[in-house]
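> Generate a structure from the sequence data that follows.
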Amino acid sequence: MKLKTEDVRSRFIEHFDGSTGSIYASPGRINLIGEHTDYNGGFVFPGAVEQSVMAELKPNGTRTVRAYSIDLKDYVEFSLDDGKGPSATHFRFVYGVCREMMKLGVPVEGFNTAFAGDVPLGAGMSSSAALESTFAFAINDMFGENKVDKFTLAKVGQATEHNYIGCNCGIMDQFASVFGKAGSLIRLDCRSLQYKYFPFHPDGYKLVLLNSQVKHDLASSAYNDRRRSCENVVAAMQRHFPGVQTLRDADYDMLAAVRGEVSEEDALRAKYVIGEKYRVMEVCVALEEDDYEEVGRKMYETHRGLSKEYEVSCPEIDFLNEVAQSCGVTGSRIMGGGFGGCTINLVSDELYAPFIDAAKKGYKERFGKEPLVIDVVIGDGSRKIC
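Below you'll find the model as predicted:
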């Protein structure tokens, strides 16, 4: 069910003596293409979605934050001057943003807040970044007089993950949440942090995620293994091509030149990353030409690379991708780090219903449960609602 402003306001009024404040929202995100490219100095291609985290805030004249999580029915109070903060993760996001904004010189004061979200959890849509971005944007508006620029707000969310949650994440999730724009995807250069908007208005198509409801425990160690493979190939290339800093700088000829110096596994990993660099650029051209059939072909190519070369897929995700192909879906691939999670699918309007039916039926027959269907529309980034 779509989150509504009145859902948040009614709870805020209920928990904070009938008063009202200001309401802010920041979205979750998808990534159309550009997977496992961020730590290789490459490009990602995220877009904000209409699902968001929404919060109402009102200064309370103290040094205490009083926060109510509507979804979890949980309440906490913490002092802005407390060096430890609350223990519950959902409140540590709020605490961490406050502390990071204070480091920037924003004169944060105590406030009351109630917040909720409709970004699906565990779907790779970055509900945590949406929460961080909501509070960073709100605190900047309320106490900083909008003196902190949007890029710094995204970095506040990233720093919150690093310093208060213990997750050494990149910048893409928070960037997409803050900078999102309806009708546009964003190509972000993970090396320079330069970005460019590209039109995304796929008339006659729908964008839908199918959540496999699978999360494999080996994802963390496997991620580290693949990152190490990329670094091994770069080290080999640097002996011949000193200008190579990351696989962003490499091409297929360079890879061929060092095939005898690296393992076959490492070479396959590098082949995927180099190919993904080219696919992202090809999708840029396709979007500018409104060629969504070409976008879909590149999505399938990315999935094959992630499954067969980078080897971060799993039987459940591969099955959903195969169903998409058999139904004539325009494009489909695994989205996110891998070993579970979602497929992202670009499907024509006339094939949407039969595709969803086939995916649900086939998946249940094979795996004993149905995938969760998440329709997404590209929406705006962080904003004040009222």
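> What segments of the stretch 101-250 of the chain are helices?
127-142, 150-160, 172-179, 219-238 (DSSP state H, counting those that start in this stretch).
> contact partners of the longest one?
Spelled out, it's helix 219-238. 36, 39-40, 244-247, 250, 254-255, 257-258, 261-263, 265-267, 269-270, 273, 310, 312, 337-340 (Cβ atoms under 8 Å, 6 or more residues apart in numbering). The way it works is simple: take the backbone N, C-alpha and C, and place the C-beta from them, glycine included.
> Put together TSV for the helices of the stretch 101-250 of the chain, with distance to residue 119 and mean neighbour count on each row.
Listed next are the helices of the stretch 101-250 of the chain as TSV, based on distance: least, Cβ to Cβ, whole Å; neighbours: other Cβ atoms under 10 Å:
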stretch	distance to residue 119	mean neighbour count
helix 127-142	4	28
helix 150-160	14	23
helix 172-179	10	29
helix 219-238	20	17
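> between those, which one is nearest to residue 291?
Nearest to residue 291, of all the helices of the stretch 101-250 of the chain, is helix 172-179, at 23.1 Å by Cβ to Cβ.
> what distance separates the start and the end of stretch 193-204?
This stretch, stretch 193-204, spans 32 Å end to end (Cα to Cα, to the nearest Å).
> quick one on the thing from earlier: same list (the helices of the stretch 101-250 of the chain) but as JSON lines, adding distance to residue 82 and mean pLDDT.
Converted to JSON lines, the helices of the stretch 101-250 of the chain look like this (distance: least, Cβ to Cβ, whole Å; pLDDT from 0 to 100):
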{"stretch": "helix 127-142", "distance to residue 82": "17", "mean pLDDT": "97"}
{"stretch": "helix 150-160", "distance to residue 82": "16", "mean pLDDT": "96"}
{"stretch": "helix 172-179", "distance to residue 82": "24", "mean pLDDT": "95"}
{"stretch": "helix 219-238", "distance to residue 82": "30", "mean pLDDT": "88"}
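> Put together a markdown table for the ones you listed, with distance to residue 345 on each row.
A markdown table is the format used below for those (distance: least, Cβ to Cβ, whole Å):
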| stretch | distance to residue 345 |
| --- | --- |
| helix 127-142 | 20 |
| helix 150-160 | 27 |
| helix 172-179 | 19 |
| helix 219-238 | 22 |
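> Go through the contacts of helix 219-238 and flag which are in strands.
Among the contacts of helix 219-238, the members falling in strands (DSSP state E) are residue 340.
> Make a PyMOL selection of the buried ones in the contacts of helix 219-238.
To isolate the buried subset of the contacts of helix 219-238 in PyMOL, counting by 16 or more other Cβ atoms under 10 Å, use the following:
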select buried, resi 36+39+40+244+246+247+250+254+255+257+258+262+266+267+269+270+273+310+312+337+338+339+340
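> Restricted to helices, list the contacts of helix 219-238.
Per DSSP state H, helices hold the following members of the contacts of helix 219-238: 254, 255, 257, 265, 266, 267, 269, 270, 273.
> how far away is the last one from residue 170?
So that's residue 273. 15 Å (Cβ to Cβ, to the nearest Å).
> same question, the second one
Remark: distance between residue 255 and residue 170 (Cβ to Cβ) = 24 Å.
> Residue 100 too?
Relative to residue 170, and taking Cβ to Cβ, residue 100 is found at 17 Å.
> These two: who's more crowded?
residue 100 (26 against 14; other Cβ atoms under 10 Å).
> For that one, give me its contacts.
So residue 100 contacts 136, 156, 159, 160, 163 (Cβ under 8 Å, 6+ apart).
> hmm, try it at 7 Å
156, 159, 160 (Cβ atoms under 7 Å, 6 or more residues apart in numbering).
> was I right about the first one contacting residue 101?
Yes - taking contact to mean Cβ atoms under 7 Å, the distance of 6.2 Å between residue 156 and residue 101 places them in contact.
> element containing the closest residue to residue 328 other than its chain neighbours, please.
Distances taken as Cβ to Cβ, 6 or more residues apart in numbering put residue 351 closest to residue 328, at 5.7 Å, once the chain neighbours are dropped. Assigned by DSSP states H and E, residue 351 belongs to helix 349-367.
> Contacts for that helix next, please.
Under Cβ under 7 Å, 6+ apart, the answer for helix 349-367 is 204-206, 210, 316, 319-320, 323-324, 327-329, 347, 370-371, 373.
> Please indicate which of the residues you listed are buried?
205-206, 210, 316, 319-320, 323-324, 327, 329, 347, 370-371.
> ok, residue 47 to residue 283 distance?
In terms of Cβ to Cβ, residue 47 sits 12 Å off from residue 283.
> Just give the nearest non-adjacent residue to residue 380, would you?
residue 182 (5.0 Å).
> Over to residue 294?
Per Cβ to Cβ, 6+ apart, closest to residue 294 is residue 286, 4.0 Å.
> same thing with residue 379?
Per Cβ to Cβ, 6+ apart, closest to residue 379 is residue 50, 4.0 Å.
> residues contacting that neighbour?
Contacts of residue 50 (Cβ under 7 Å, 6+ apart): 27, 377, 379.
> which of these has the most neighbours?
residue 27 (33 neighbours).
> helix or strand right after the helix or strand harbouring that residue?
Using DSSP H and E, residue 27 falls within strand 22-31. Per DSSP H and E, strand 22-31 leads on to strand 43-44 as the next helix or strand towards the C-terminus.
> Tell me the helices and strands packed up against that following strand.
strand 184-189 (3 or more Cβ pairs under 7 Å, 6 or more residues apart in numbering; DSSP states H and E).
> how much does the strand it packs on deviate in direction from strand 22-31?
70 degrees (axes from the mean of the first three to the mean of the last three Cα atoms, to 10 degrees).
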